[in-house]
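1. Quick one, fold the following:
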Amino acid sequence: MGEVVVFHSLGEAHIANIARIQLHYLEKCVAQMDMKLEVSEAAMLQLAKEGFDLVFGARLLKRATQHRIENPLAKEILSGRFAPKDIIRVDVVDGRIEFQQVMEAEVV
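-> Prediction:
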């Protein structure tokens with residue numbers, strides 16, 4: 001028949017790494033619009049937490065990324081809040097993921 005492949009459940013560290021990969025891809029997409037996206041560790045961990053399920057693993061992570069970051073960010077860009085050359089920080093404020101424009105002097 002074939003060999004048996006054993007799948008181990010994903011832990012928090014695995015989910016966080018998958019979230020980092022997805023956010024890195026989003027950073028590259030935003031860079032193509034001549035903007036920079038800076039995602040805080042807190043925002044990445046919040047996203048990983050929202051996108052993980054014991055039964056479904058990381059399957060919900062892509063949906064969480066779209067609902068919590070990609071779609072709201074696209075609306076902000078289309079509304080004119082962010083423009084080329086802007087630095088956009090993604091962070092958690094009062095338990096919610098929010099976007100802030102960073103002034104050049106604030107960049108660490």
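2. what about the strands in this protein?
-> 36-39, 87-93, 96-102 (DSSP state E).
3. what mean pLDDT does the second one have?
-> Averaging the model's pLDDT scores along strand 87-93 yields 98.
4. likewise the last one?
-> Regarding strand 96-102, the rounded mean pLDDT is 96.
5. do the same with the first one
-> Here strand 36-39 scores 97 as its mean pLDDT.
6. Identify each buried residue in it, please.
-> Using 16 or more other CB atoms under 10 Å as the test for burial, strand 36-39 gives 37, 38, 39. All C-beta spots, glycine's among them, are computed from the backbone N, C-alpha and C.
7. Can you report how many residues neighbour residue 60?
-> 16 (other CB atoms under 10 Å).
8. Now do it, the pLDDT please.
-> Predicted confidence (pLDDT) for residue 60: 87.
9. so who does it touch?
-> 50, 51, 52, 53 (CB atoms under 8 Å, 6 or more residues apart in numbering).
10. mind redoing it with 10 Å?
-> Residues near residue 60 by CB atoms under 10 Å, 6 or more residues apart in numbering: 15, 50, 51, 52, 53, 67.
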